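In: Could you look at this predicted model? Sequence included:
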Amino acid sequence: MRKPELAAAIAEQTGLTRDKASEVVTAFTDQISAAASRGEDTTLIGFGTFSIRHREARDGRNPQTGASIRIPASKTVGFKAGKALKDAIR
């Protein structure tokens, strides 16, 4: 499901217009992004938790040349599904 399809489904379920539902989806994703940029977790009870994960620096290999390279430390966003979401897909 893509963003326009999600907005259409929300509009149908809530009675909002598609444009207003699209604004809601955009505001939702903007707030999760803003929290992540501040280093904060976002928890939606039953759905899951978006959190910042730290990757340590590590050694890797260039697949084309086989040369050893150093991969720098980085941050990434992780998602851990909540119980209700896990139960919904079983």
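Out: That came through fine. Residues are numbered from 1 along each chain as shown.
In: for residue 31, what are its contacts?
Out: Contacts for residue 31 (C-beta atoms under 8 Å, 6 or more residues apart in numbering) come out as residue 42. Bear in mind the C-beta positions are built from the backbone N, C-alpha and C, glycine included.
In: Adjust the sequence numbering to begin at 33 for everything that follows.
Out: Noted, 33 is the first residue going forward, which turns the last one into residue 63.
In: From residue 72, how far out is it?
Out: Noted for residue 63: a distance of 10 Å to residue 72, by C-beta to C-beta, to the nearest Å.
In: ok, which stretches of the protein are strands?
Out: 74-76, 80-87, 90-93, 100-103, 106-113 (DSSP state E).
In: Let me have these in CSV, adding mean pLDDT as columns.
Out: Supplementary listing: these in CSV, determined by pLDDT from 0 to 100:
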stretch, mean pLDDT
strand 74-76, 96
strand 80-87, 96
strand 90-93, 96
strand 100-103, 96
strand 106-113, 95
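In: Same list (these) but as a markdown table, adding distance to residue 49 and mean neighbour count.
Out: As requested, the strands of the chain are exported to a markdown table (distance: least, C-beta to C-beta, whole Å; neighbours: other C-beta atoms under 10 Å):
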| stretch | distance to residue 49 | mean neighbour count |
| --- | --- | --- |
| strand 74-76 | 24 | 14 |
| strand 80-87 | 27 | 14 |
| strand 90-93 | 48 | 10 |
| strand 100-103 | 46 | 10 |
| strand 106-113 | 29 | 12 |
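In: Mind putting the ones you listed into JSON lines with distance to residue 44?
Out: JSON lines is the format used below for those (distance: least, C-beta to C-beta, whole Å):
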{"stretch": "strand 74-76", "distance to residue 44": "21"}
{"stretch": "strand 80-87", "distance to residue 44": "23"}
{"stretch": "strand 90-93", "distance to residue 44": "46"}
{"stretch": "strand 100-103", "distance to residue 44": "45"}
{"stretch": "strand 106-113", "distance to residue 44": "25"}
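In: All good on my end, thank you.
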